[in-house]
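K.L.:
Would you be able to build a 3D model of this:
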Amino acid sequence: MTRIPLLPRSIARVTVLGLVAGAATVVLGMALERAHFGGTTAAGTVATIAADVDRRVIATGQTLDARVAEGRRAATALRRASSDTVSQRELFLALDRILNTPPAGGGITVFDVLGVPVAWSGRVSDLPRDR
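P.N.:
Down below sits the predicted model:
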């Protein structure tokens, strides 16, 4: 009986194990994709992703609308903030309350009519004067 030398046999074993592992990875990836996106066609998958993006954009818009409405309720503090220290403090507290409502995060800056920041809260940054 002829024996295959040790080195070619080891190379063949590693090659076969690599192919089996690669095939298992492909099958597992396809199963996870099917579980996440459902067993739909490519067009169905695109529609599912588009619906998810639309839902997120609408939710973000509703969050911004709610924050603007809360800012309008604090309008009296906004109007007095330029001259009164207590009103300025109330404005900063109102902006903190707006940002701490779920989902928390982001940043708000209130500008006066000349474009000078009057109050801010959260993660804000300086914008160029022309914006």
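
K.L.:
Centre-most residue in the chain?
P.N.:
When Cα atoms, centre = their mean is applied to the chain, the residue found nearest the centroid is Arg56 (9.3 Å).

K.L.:
Enumerate the positions of the helix or strand where it lies that are buried.
P.N.:
Using DSSP states H and E, Arg56 sits within helix 42-73. Within helix 42-73, the residues scored as buried using 16 or more other Cβ atoms under 10 Å are 45, 67, 70-71. No exception for glycine: its C-beta is placed from N, CA and C like everyone else's.

K.L.:
Dump those to CSV, plus distance to Arg9 and pLDDT.
P.N.:
Output for these, formatted as CSV (distance: Cβ to Cβ, whole Å; pLDDT from 0 to 100):
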residue, distance to Arg9, pLDDT
Thr45, 44, 76
Arg67, 68, 80
Glu70, 73, 79
Gly71, 74, 73
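
K.L.:
Can you pick out the most distant pair from these?
P.N.:
Thr45 and Gly71 (39.3 Å; Cβ to Cβ).
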